[in-house]
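>>> Below is the sequence, then the predicted model.
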Amino acid sequence: MGLFARFLARREDAHGPATDDALPGQAINPATHASLDTLIALRRQAGKLDLGRRQPARAQLAGGHASRFRGRGMDYQESRIYQPGDDIRSMDWRVTARTGRPHTKLYQEERERPVVLCVDLNPGMFFASRGALKSVIAARAASLIAWAAAAHGDRIGALLFNGEHHELPPRGGKHGVLRLIRQLVAQSDPLQNRQQPPHPHGLDTALARLRRVSRPGSLIFLLSDFFGIGDETGKHLTRLRQHNDLVAIQILDALEQAPPPPARYAVSDGRHTGILDTRSRGARQAYADVFARHQRRLRDLMRRRAIPLLQLSTDDDVAHALRQLGATPAAPARENAA
């Protein structure tokens, strides 16, 4: 299934496969190319996205999100017995008078929360049978999240992987979003990525490098089709989850989830060709079973680490679908999976 996601399929008697090659003077197809203007325009739709926290922030810079650290801040938490070194300005005189022992107030500090987008642009992401390419959906989703983060005063960082790694350290404001958008447009161009060979351990490599970009207390969004999960994926997710919030966004096409109508299809990855025969019931069931096994593995991988998993389809309204994030609960971790 992961391999087939890289293929463009057609019936044997069709006139020929579709192409996204743009000739000089032709308008770029928005279903195959993420354009700068389109991603910038998504700013108007980002205001309704809720990037609410699932854990207190742990970043070191002052900001607008509650932290695990306690000190002088906006929100009173509790009073405790005075200890040498406590700030006398935080003395709780009312509790001190009532108990006869000096007490000091503790406050919840506000810390900044960096938002980091990890966008997997493996060859399988340059596929769709309807709507827009998965790479385009990923670029739209990443841009919407970045605009929403900037509106909340968060810095935006990213790791884009398309055979090569493109790291963007967190940066605040509109400039941080525009920097990301420019990279998304460049790295998700199917004409530039068509020659990139599949990386056998691409997702694991990207997750390992993601730890360089993200800092403790970050909110990390993983955007991928997750067909590249490997033996080390769980280990990397566990390490990232220990100090960050993670949200996984799986991008899928309908043709990956269910076989096409019964027929013989010519398929190609641009280098090799083959025949996909879905005329028999057994072949169609085997096709569906492969995807079902993959989904069970992915759901278990995320569930064991309390990582919410959201699904986007290539024909989804991305802004509408992402609004579900605000209502996505983070279940408590079942175990510390390795």
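Perfect, thanks for sending it.
>>> all contacts plus neighbour counts: C-alpha atoms, from now on.
Fine.
>>> Could I get the full set of strands for this protein?
8-11, 62-71, 75-81, 103-111, 115-120, 155-161, 165-172, 219-224, 245-252, 264-268, 273-277, 309-313 (DSSP state E).
>>> and among the ones you listed, the most buried is which?
strand 115-120 (a mean of 28; mean count of other C-alpha atoms under 10 Å).
>>> Scan the chain for its longest helix.
helix 281-303 (DSSP state H).
>>> and the residue nearest the centre of the chain, what are its bridge partners?
The centroid of the chain falls nearest to residue 222 when counting by C-alpha atoms, centre = their mean (2.5 Å). Assessed by DSSP bridges, residue 222 has beta-bridge partners residue 118, residue 248.
>>> what residues go with each domain of the chain?
Domains of the chain are assigned by automatic domain parsing as 4-13+27-57+113-327, 63-111.
>>> Using JSON lines, lay out those together with mean pLDDT.
Converted to JSON lines, these look like this (pLDDT from 0 to 100):
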{"stretch": "domain 4-13+27-57+113-327", "mean pLDDT": "87"}
{"stretch": "domain 63-111", "mean pLDDT": "69"}
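>>> roughly how far apart are the residue of the chain most remote from its centre and residue 92?
What lies farthest from the middle of the chain is residue 100; by C-alpha atoms, centre = their mean that is 53.2 Å. As defined by C-alpha to C-alpha, to the nearest Å, residue 100 lies at a distance of 12 Å from residue 92.
>>> what does residue 318 give?
Distance of residue 318 to residue 92, given as C-alpha to C-alpha: 50 Å.
>>> next one: residue 45
Taken as C-alpha to C-alpha, the span from residue 45 to residue 92 is 46 Å.
>>> which of the two has more neighbours?
The neighbour comparison of residue 45 against residue 92 (other C-alpha atoms under 10 Å) goes to residue 92, with 19 against 14.
>>> what's near enough to touch that one?
The contact partners of residue 92, by C-alpha atoms under 8 Å, 6 or more residues apart in numbering, come to 79, 102, 103, 104, 105.
>>> ok, now residue 252?
Residue 252 makes contact with 134, 225, 311, 312, 313, 314, according to C-alpha under 8 Å, 6+ apart.
>>> nearest to residue 165, of these?
residue 225 (17.4 Å; C-alpha to C-alpha).
>>> The closest one touches residue 250, doesn't it?
Yes - using C-alpha atoms under 8 Å, residue 225 makes contact with residue 250 at a distance of 5.0 Å.
>>> Tell me the spacing between the residue nearest to the centre of the chain and residue 145.
In terms of C-alpha to C-alpha, residue 222 sits 11 Å off from residue 145.
>>> Not counting its neighbours along the chain, what's nearest residue 228?
Excluding its sequence neighbours, the residue lying closest to residue 228 (C-alpha to C-alpha, 6 or more residues apart in numbering) is residue 203, at 5.7 Å.
>>> Give me the neighbour count for that neighbour.
Residue 203: 27 surrounding residues under other C-alpha under 10 Å.
>>> got the contact list for it?
Residue 203 makes contact with 120, 226, 228, 229, 230, 233, according to C-alpha under 8 Å, 6+ apart.
>>> now it: how far from residue 38?
Going from residue 203 to residue 38 by C-alpha to C-alpha gives 27 Å.
>>> go on, residue 222?
For residue 222, the distance to residue 38 - C-alpha to C-alpha - is 22 Å.
>>> residues in contact with the closest residue in space to residue 298 that isn't next to it in sequence?
Sequence neighbours aside, residue 226 is the residue nearest to residue 298 in space, at 7.6 Å (criterion: C-alpha to C-alpha, 6+ apart). By C-alpha under 8 Å, 6+ apart, the contact list for residue 226 reads 203, 250, 298.
>>> I'd like these laid out as CSV, including distance to residue 31.
Formatted as CSV, those follow (distance: C-alpha to C-alpha, whole Å):
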residue, distance to residue 31
203, 24
250, 18
298, 27
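>>> now, among those, which is nearest to residue 178?
residue 250 (23.8 Å).
>>> Residue 309 is in contact with the closest one, correct?
Yes - using C-alpha under 8 Å, residue 250 makes contact with residue 309 at a distance of 7.1 Å.
>>> Check which residues of stretch 116-133 are buried.
116-129, 131-133 (16 or more other C-alpha atoms under 10 Å).
>>> just stretch 282-296 next, same as before
For stretch 282-296, burial by neighbour count (16+ other C-alpha under 10 Å) applies to 284, 287, 288, 291, 294.
>>> quick one on the thing from earlier: and the residue farthest from the centre of the chain, how far is that from residue 78?
Distance, residue 100 to residue 78, by C-alpha to C-alpha: 17 Å.
>>> now swap in residue 97 and tell me
Relative to residue 78, residue 97 is positioned 16 Å away (C-alpha to C-alpha).
>>> Ok, residue 160 next?
Note on residue 160: its distance to residue 78, by C-alpha to C-alpha, is 43 Å.
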